[in-house]
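J.: Quick one: sequence plus predicted model below, questions after.
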Amino acid sequence: MYSIEKQICLNRLVDVQDFVILASKYQCDVKVKSKNSVTDGKSILGILSLALWNPVTVSACGSDAKQFAARLAKFRSH
């Protein structure tokens, strides 16, 4: 089992959509945290409820979390 935690930016609606599509392709458990709120990284409505004007922290845990983390470069924190 592998676990990752990275900061990313999801500033635009298309970024959120692309992130959810990507996360949904993997078996690992994906969580997105902003300030004190945490939501399922595979839920577009959950992610849209967060404070997306700030970078968010993504955590993933599971057998394919490492492969998922490798695909997060597109959403890197600015």
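T.: Sure, I can see it.
J.: show me where the protein has strands.
T.: Along the chain, counting by DSSP state E, strands occupy 2-8, 29-34, 37-40, 56-62.
J.: Buried residues in the last one, which are they?
T.: The neighbour-count criterion (16 or more other Cβ atoms under 10 Å) identifies Val56, Val58, Ser59, Ala60, Gly62 as the buried residues of strand 56-62. From N, CA and C alone the C-beta is placed, and that goes for glycine too.
J.: mind giving me TSV with the residues you listed and columns for pLDDT and distance to Glu5?
T.: Shown next, in TSV, are those (pLDDT from 0 to 100; distance: Cβ to Cβ, whole Å):
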residue	pLDDT	distance to Glu5
Val56	95	11
Val58	97	7
Ser59	97	5
Ala60	97	8
Gly62	96	13
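J.: Turn the residues you listed into a markdown table, including distance to Leu10.
T.: Formatted as a markdown table, the buried residues of strand 56-62 follow (distance: Cβ to Cβ, whole Å):
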| residue | distance to Leu10 |
| --- | --- |
| Val56 | 6 |
| Val58 | 9 |
| Ser59 | 15 |
| Ala60 | 15 |
| Gly62 | 21 |
